[in-house]
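Undergrad: Give me a model of this one.
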Amino acid sequence: MSETRRLGTVTSDAGLLFAARALRMFAYGFLSVVLALYLSDLGLTPAQVGGLFTAALLGGAVTTGAVGTLAGRWGRRGVLRRFALLMAVSGAVYALGAPPWLLLLAALAGTISPSGYEVGPFFPLEQAALPEVSRGAPEVGLFAWYNLVGTVAVALGALAAGAVPSVLALLGVPDAGAQRGLVWAFAATGLVLAALYGRLSDRVEAPVAGGGGGGLRRSRRIVLRLTGLFGLDALAGGLVVQSLVAFWFHQRFGVDLAELGPLFFGTNLLSALSYLAAARLSRRIGLLNTMVFTHLPSNVLLALVPLMPTWPAAAGVLLLRHALSQMDVPTRQAYTLALVAPEERTAAAGITNAVRPTAASVAPLLSGLALQAAAGGLPFVLAGGLKAVYDLTLWALFRTVPLLSPGAGAPPAPIPPARP
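TA: Next comes the predicted model:
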């Protein structure tokens, strides 16, 4: 059975969550391209821009980590709507060119994404709610399509960031005006998201785990172990961000953007397609095995990239690596939820996702050190080695841990109709 047919029974709530994911990631995609240029045109120094970006990542990490507590107070829909409106307000503050201190406050709200990646509570809440609003759809398949939609939307958003100024230039609009228009579009996206979340039914809500602990009780130890390991993986990933890899290829082989562009288009395309392959594989060998035994060889390939003698060989190894490296993403999301009880899913998703932007917020320092050694390929070896440690430790610690929530690898029971 194809992945599309397996998702043929998703509900209107799941459709709304997919639409919100696509819209939000499209906005993050174009904002990540124009934001630094826009702030520079406002007169901010590179240090101030970097400080705002760090504040945005830290703010996103804090709100993501607190999502279990927030959902316990306002419910999932309430948190989603409030932060969508906060995203609109933060975007408006930036579009109006407010003073730096106000830009800093807006960044700390945790809804501005300078990287094109998810920030804030949207992703963990949607991750926790998706399996509960889907009629019989396997969770890994849901997350495979959910991630595929997000990846494509980010790419289209980045494409729009380049196309919109070109089109507006034909109408006499300067680049600065086009950039401000895109920031206003980001603010408007927050309003549309609030409207979408307002149409969700009460199926997205879940029983709340009491007793403090940020919404965690019996799963607390497991979630903290996972969080530490995910942090190690994210930290290693920060050593080989795309811009650094492009720089290394340019330094090592003298290739230019005309050759690097198709390479990174290929790596991103392979990563997106691998989400669907992960769903199939996990049904055969299980979630944890799929995570470890696809991620581990991809990290060996990553460490081999700087050892390749020619540009085609190095590019080929990198492409092969990306065909495997992201297969752990939808399986990791499904596995995290399967390890905890339903009432602890929101908190578990929030805490395990919060560590990623936290690790990313310290990446500028590590990237600077890695950049100095880029010509020797040290960042590839370090990243591959640390990620391999993550894989082996994950398998050693969790291979005998039972799954608490059924349905991660098989269809869950049908859900009752929504209350009127």
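
Undergrad: how about low-confidence regions in the stretch 101-250 of the chain?
TA: 135-139, 207-215, 241-244 (pLDDT under 70).

Undergrad: Do a quick rundown of the strands in it.
TA: Secondary structure of the stretch 101-250 of the chain (DSSP state E, counting those that start in this stretch): no strands located.

Undergrad: Which stretches in it count as helices?
TA: 122-129, 139-170, 175-198, 220-237, 242-253 (DSSP state H, counting those that start in this stretch).

Undergrad: Would you mark the buried spots in the fourth one?
TA: Neighbour-count burial for helix 220-237, with 16 or more other CB atoms under 10 Å as criterion, is recorded at 220, 222-223, 225-227, 229-237. C-beta coordinates here come from the backbone N, C-alpha and C atoms, glycine included.

Undergrad: And for the third one?
TA: Within helix 175-198, the residues that qualify as buried are 178-183, 185-187, 189-194, 196-197, counting by 16+ other CB under 10 Å.

Undergrad: And the second one, by the same measure?
TA: Going by neighbour count (16+ other CB under 10 Å), the buried part of helix 139-170 is 139-158, 160-161, 164-165, 168.

Undergrad: Same check on the last one?
TA: Buried residues in helix 242-253, counted by 16+ other CB under 10 Å: 244, 245, 246, 247, 248, 249, 252, 253.

Undergrad: How about stretch 255-274?
TA: 255, 260, 263, 264, 267, 268, 269, 270, 271, 272, 273, 274.

Undergrad: can you list contacts of it?
TA: Stretch 255-274 has contacts (CB atoms under 8 Å, 6 or more residues apart in numbering) with 147-148, 151-152, 155, 242, 246, 249-250, 311, 315, 318-319, 322-327.

Undergrad: Give me the distance between residue 153 and residue 249.
TA: Look at residue 153 and residue 249: by CB to CB, to the nearest Å, they are 27 Å apart.

Undergrad: Apologies, that question was intended for residue 19.
TA: From residue 19 to residue 249 the distance is 37 Å (CB to CB).

Undergrad: swap in residue 176?
TA: 32 Å.

Undergrad: Ok, residue 25 next?
TA: Distance of residue 25 to residue 249, computed by CB to CB: 26 Å.

Undergrad: next structured bit after the host helix or strand of residue 64?
TA: Element membership for residue 64 (DSSP states H and E) is helix 46-65. Proceeding N to C from helix 46-65, the next assigned helix or strand is helix 67-95, under DSSP H and E.

Undergrad: Quick one: distance of that next one to the chain centre.
TA: 18 Å (CA atoms, centre = their mean, to the nearest Å).

Undergrad: Can you give me the buried ones in it?
TA: Buried, per 16+ other CB under 10 Å, within helix 67-95: 67-72, 75-77, 79-81, 83-88, 90-95.

Undergrad: So which elements touch it?
TA: Applying 3 or more CB pairs under 8 Å, 6 or more residues apart in numbering; DSSP states H and E, one finds that helix 67-95 contacts helix 12-41, helix 100-108, helix 122-129, helix 175-198, helix 345-361.

Undergrad: Throw those helices into TSV and include distance to residue 380, thanks.
TA: As requested, those are arranged in TSV below (distance: least, CB to CB, whole Å):
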stretch	distance to residue 380
helix 12-41	24
helix 100-108	32
helix 122-129	28
helix 175-198	34
helix 345-361	18
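
Undergrad: For residue 387, find the nearest of those helices.
TA: helix 345-361 (12.5 Å; CB to CB).

Undergrad: The closest one packs against which elements?
TA: Using 3+ CB pairs under 8 Å, 6+ apart: helix 345-361 touches helix 46-65, helix 67-95, helix 122-129, helix 220-237, helix 328-338.

Undergrad: So which of those is nearest residue 289?
TA: helix 328-338 (9.1 Å).

Undergrad: The most far-flung residue of the chain relative to its centre and residue 30, how far apart?
TA: Distance to the chain centre peaks in the chain at residue 172, reaching 36.2 Å (criterion: CA atoms, centre = their mean). As for residue 172, its distance to residue 30 is 21 Å (criterion: CB to CB).

Undergrad: cool, and residue 383?
TA: Residue 383 is 28 Å from residue 30, by CB to CB.

Undergrad: And for residue 41?
TA: Residue 41 is 16 Å from residue 30, where distance means CB to CB.

Undergrad: what does residue 282 give?
TA: With CB to CB as the criterion, residue 282 and residue 30 are 33 Å apart.

Undergrad: ok, these two, which is more surrounded?
TA: residue 282 (29 against 26; other CB atoms under 10 Å).

Undergrad: Report how many residues lie close to residue 401.
TA: With other CB under 10 Å as criterion, residue 401 counts 11.

Undergrad: The buried residues of stretch 255-274 in helices, which ones?
TA: 260, 263, 264, 267, 268, 269, 270, 271, 272, 273, 274 (DSSP state H).

Undergrad: which of those residues lies closest to residue 56?
TA: residue 268 (22.8 Å).

Undergrad: mind checking how far the closest one is from residue 154?
TA: Residue 268 sits at a distance of 9 Å from residue 154 (criterion: CB to CB).

Undergrad: hang on, isn't residue 192 packed against residue 23?
TA: Yes - Residue 192 is within contact range of residue 23, at 6.3 Å (criterion: CB atoms under 8 Å).

Undergrad: which one of the buried residues of helix 220-237 is nearest residue 128?
TA: residue 223 (12.6 Å).

Undergrad: What confidence value was assigned to the closest residue to that closest one other than its chain neighbours?
TA: With sequence-adjacent residues excluded and distances taken as CB to CB, 6 or more residues apart in numbering, residue 223 is closest to residue 348, at 4.9 Å. pLDDT for residue 348: 82.
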